[in-house]
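Trainee: sharing a model prediction with you, sequence too.
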Amino acid sequence: MSVGRTGRRIRAWSAVLAAAAVTVLASCASGGLPGGQAATTTPAAAAATTGPAAATPTEAHSGAAAVATRVVNLAPVDQRGDATSGWSVDRGDDDPNAPIDCGDTSQADASPAAVSGDIYSCSPSAAEADACWPTAQARQMLCLRDPYSSVLTALTAQALVAKVSAPKDPVPLGLRLANGDHCRLRDGGAWGSPRQHPDYVGYYSCGSHGIVWAPQGSSTGGIDRTTRRWTVLVGDETSPLTTVAVTDASFVTTAA
């Protein structure tokens, strides 16, 4: 993946995600979600340990749980660019000689998971820097690579960046599934397709159960949101896909 602007985001992938979360954004703006889902802001440690009651095995695979998917707005960085309480900063991966590309003062891209402005998507995809906040130190960014940890990664950017608004239709950075798995939003890269569904593409990478798949051009970013309990199709490239309920979905915001 090139570090240049053309390499920092696969435009076709962004177009797939662009229509993904209309319901969620409207809900966050109004303080609630359809069906009584409540938007919350918590540190990652709390988000990983709180949420709806555990689903039964049937619910985990059918999505038939009565408990709605919980939406979490993670706020690891404040408006001054400092890590908030409960979050730590890892500077071990920062290499000023190989800076990430977050745009410049003329143009920059918002994080696809942001529900507030000035959270950036940077390249290359290998850096996992698609949810980054600027800091008071010039060209220093704090990036949330893993929405289920409480660690931010400090990375140097190539240039100062323009202000950006939150995307119109954000998608979750992380999904916690009823089978216990954690899934992370795809950040570019070349993925295959499941053998039984060659027209499907991957939207999330899951720790133990493979990938979240959906037809290419899915208007929901691979998440079925037709009920209060969201579901996804999960599996690897060779096995049959399984429907699994989404326990919670994590977006990113900036703390006041």
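Mentor: Everything's here; your move.
Trainee: which residues touch residue 155?
Mentor: The contact partners of residue 155, taken as C-beta atoms under 8 Å, 6 or more residues apart in numbering, are 93, 94, 99, 100, 122, 127, 129, 132, 140, 141, 143. Yep, even glycine has a C-beta here, placed from its N, CA and C like the rest.
Trainee: then it would be within a helix, right?
Mentor: No - according to DSSP: H, G, I helix; E, B strand; the rest coil, residue 155 belongs to no helix; its state is strand.
Trainee: residue ranges of the strands in the chain, please?
Mentor: 39-42, 70-74, 88-90, 132-134, 140-143, 151-156, 174-177, 182-185, 200-206, 210-215, 231-235, 242-252 (DSSP state E).
Trainee: now tabulate those strands in JSON lines and tack on distance to residue 109 and mean pLDDT.
Mentor: Compiled in JSON lines, the strands of the chain are given as follows (distance: least, C-beta to C-beta, whole Å; pLDDT from 0 to 100):
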{"stretch": "strand 39-42", "distance to residue 109": "23", "mean pLDDT": "45"}
{"stretch": "strand 70-74", "distance to residue 109": "19", "mean pLDDT": "97"}
{"stretch": "strand 88-90", "distance to residue 109": "23", "mean pLDDT": "98"}
{"stretch": "strand 132-134", "distance to residue 109": "10", "mean pLDDT": "98"}
{"stretch": "strand 140-143", "distance to residue 109": "13", "mean pLDDT": "98"}
{"stretch": "strand 151-156", "distance to residue 109": "15", "mean pLDDT": "98"}
{"stretch": "strand 174-177", "distance to residue 109": "19", "mean pLDDT": "96"}
{"stretch": "strand 182-185", "distance to residue 109": "14", "mean pLDDT": "96"}
{"stretch": "strand 200-206", "distance to residue 109": "18", "mean pLDDT": "93"}
{"stretch": "strand 210-215", "distance to residue 109": "22", "mean pLDDT": "93"}
{"stretch": "strand 231-235", "distance to residue 109": "25", "mean pLDDT": "96"}
{"stretch": "strand 242-252", "distance to residue 109": "14", "mean pLDDT": "97"}
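Trainee: now render those strands as JSON lines, adding distance to residue 80.
Mentor: JSON lines is the format used below for the strands of the chain (distance: least, C-beta to C-beta, whole Å):
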{"stretch": "strand 39-42", "distance to residue 80": "17"}
{"stretch": "strand 70-74", "distance to residue 80": "17"}
{"stretch": "strand 88-90", "distance to residue 80": "14"}
{"stretch": "strand 132-134", "distance to residue 80": "10"}
{"stretch": "strand 140-143", "distance to residue 80": "11"}
{"stretch": "strand 151-156", "distance to residue 80": "14"}
{"stretch": "strand 174-177", "distance to residue 80": "25"}
{"stretch": "strand 182-185", "distance to residue 80": "26"}
{"stretch": "strand 200-206", "distance to residue 80": "32"}
{"stretch": "strand 210-215", "distance to residue 80": "35"}
{"stretch": "strand 231-235", "distance to residue 80": "36"}
{"stretch": "strand 242-252", "distance to residue 80": "17"}
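Trainee: re the thing from before, narrow the contacts of residue 155 to just the buried residues.
Mentor: Burial of the contacts of residue 155 was assessed by neighbour count (16 or more other C-beta atoms under 10 Å); the buried members are 94, 99, 100, 122, 127, 129, 132, 140, 141, 143.
Trainee: distance of the residue nearest in space to the middle of the chain relative to residue 160?
Mentor: The geometric centre of the chain, computed from its C-alpha atoms, lies nearest to residue 173 (C-alpha atoms, centre = their mean), at 1.0 Å. Here the criterion is C-beta to C-beta, to the nearest Å. By it, residue 173 lies 24 Å from residue 160.
Trainee: quick revisit: from the buried ones among the contacts of residue 155, which two are the most distant?
Mentor: 127 and 140 (14.2 Å; C-beta to C-beta).
Trainee: can you count the residues close to residue 256?
Mentor: Other residues within reach of residue 256, judged by other C-beta atoms under 10 Å, total 9.
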